[in-house]
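Asker: Fold the following for me, if possible:
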Amino acid sequence: QVQLVESGGGLVQPGGSLRLSCAASGFTLDDYGIDWFRQAPGKEREGVSCISSVDGSTYYADSVKGRFTISRDNAKNTVYLQMNSLKPEDTAVYYCATDDGYCSGSANDYWGQGTQVTVSS
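Answerer: I've put the predicted structure just below:
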């Protein structure tokens, strides 16, 4: 069974850090680019980051550039999103999804269930 499971969300104060995990089962994560998306209440879903499976290139939305880092551990079949210097506007449900190897955003076939991140004092 193909499955993506996110974890690592929670409540953190502004300026704090969290590391989200996206663990795959039923398939090899390294065969896919992996996207992180987020969706805040009343807002459209936003692409946050992607890591390519072709050459390991990474991509970030301007809103998170310099604060978030995406990485993958192929031995654990897991992709991570390290989030530092968190701001209240980062509050959202975060989802991971498969993509094509080039992170084109046109092949989000598999999705996780999401993990809530709340940044508040």
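Asker: contacts, neighbours, all on C-alpha from now
Answerer: OK.
Asker: before we move on, which element is Thr69 in?
Answerer: Using DSSP states H and E, Thr69 sits in strand 68-73.
Asker: Near Phe76, how many other residues are there?
Answerer: One correction, residue 76 is Lys, not Phe. Lys76: 11 surrounding residues under other C-alpha atoms under 10 Å.
Asker: need the contact list for it.
Answerer: Shown in contact with Lys76 (C-alpha atoms under 8 Å, 6 or more residues apart in numbering): Ala23.
Asker: and what of the one 5 residues further on?
Answerer: In this structure, Leu81 makes contact with Arg19, Leu20, Ser21, Trp36, Phe68, Thr69, Ile70, Ser71, judged by C-alpha under 8 Å, 6+ apart.
Asker: On the three-state scheme, it is what?
Answerer: Three states are possible here, and by DSSP: H, G, I helix; E, B strand; the rest coil the one that applies to Leu81 is strand.
Asker: Would you mind measuring from it to Glu44?
Answerer: Note on Leu81: its distance to Glu44, by C-alpha to C-alpha, to the nearest Å, is 20 Å.
Asker: Thanks a lot, catch you later.
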